[in-house]
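S.K.: Structural data only, the sequence is not supplied:
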């Protein structure tokens, strides 16, 4: 899942010019730092139950904590950096549905289900039952957990400034 964003043109131009003057190894270090900073920001969003913009996630009807019950989605976030970009994302199949929301009918394939209770009473032993393929209305509220909003843009600019200061200090030391 990829998200495109627009930056303040002045900040973006300044960063681009500086990156053009850097060697590929320095650019990769910069993009890696940006990715780590963004992942940290998204991890904090999971802990607080908030989108990258800071808005709280919609509650779930069944109870529990939105996107946090199993921690699988948060634990799947990875960073990949190259000389020209950074990506922070997930390979969890339900990630896009949570990020963007879903409101459509889906086909549920034939599957086996373990039944542990019947008529409101717990069974002594579970019973496996085959459930035929059927359609189901899926309605999932969007709960964005990735994205580059103003707070993340400011973070990228801060990472850039810090990295440039470090490179300046290294340059002065040699």
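M.R.: Received it, and whenever you're ready, just let me know what you need. Model, not experiment: these values are computed from the prediction.
S.K.: Pull up the gap between the residue most central in space within the chain and residue 77, please.
M.R.: What sits nearest the mean C-alpha location of the chain, by CA atoms, centre = their mean, is residue 146, with 3.8 Å. Separation of residue 146 from residue 77 (CB to CB, to the nearest Å): 8 Å. Quick note: C-beta positions are derived from backbone N, CA and C, even for glycine.
S.K.: any residues in contact with both of those two?
M.R.: Common contacts of residue 146 and residue 77, defined by CB atoms under 8 Å, 6 or more residues apart in numbering, comprise 42, 88, 89, 90.
S.K.: The last one reaches residue 80, doesn't it?
M.R.: Same thing as residue 90. No - here residue 90 does not reach residue 80: they are 11.7 Å apart, not a contact under CB atoms under 8 Å.
S.K.: and the residue of the chain positioned farthest from its centre, what element?
M.R.: Going by CA atoms, centre = their mean, the residue of the chain most distant from its centre is residue 124, 41.3 Å out. Residue 124 is part of strand 121-131 when elements are defined by DSSP states H and E.
S.K.: I'd like to know which elements that strand is packed against.
M.R.: Secondary-structure packing of strand 121-131 (3 or more CB pairs under 8 Å, 6 or more residues apart in numbering; DSSP states H and E): strand 111-118.
S.K.: partners of the strand it packs on in the sheet?
M.R.: Strand pairing for strand 111-118, using DSSP bridges, gives strand 121-131 (antiparallel).
S.K.: Tell me which residues are up against the strand it pairs with.
M.R.: For strand 121-131, the surrounding residues in contact (CB under 8 Å, 6+ apart) are 108, 110, 111, 112, 113, 114, 115, 116, 117.
S.K.: got those residues as CSV, with pLDDT, distance to residue 156 and neighbour count columns?
M.R.: Output for the contacts of strand 121-131, formatted as CSV (pLDDT from 0 to 100; distance: CB to CB, whole Å; neighbours: other CB atoms under 10 Å):
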residue, pLDDT, distance to residue 156, neighbour count
108, 93, 41, 12
110, 97, 47, 9
111, 96, 43, 10
112, 96, 47, 8
113, 95, 46, 11
114, 95, 47, 8
115, 95, 51, 10
116, 94, 49, 11
117, 93, 51, 9
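S.K.: so where is this structure shaky, pLDDT-wise?
M.R.: 1-8, 169-174 (pLDDT under 70).
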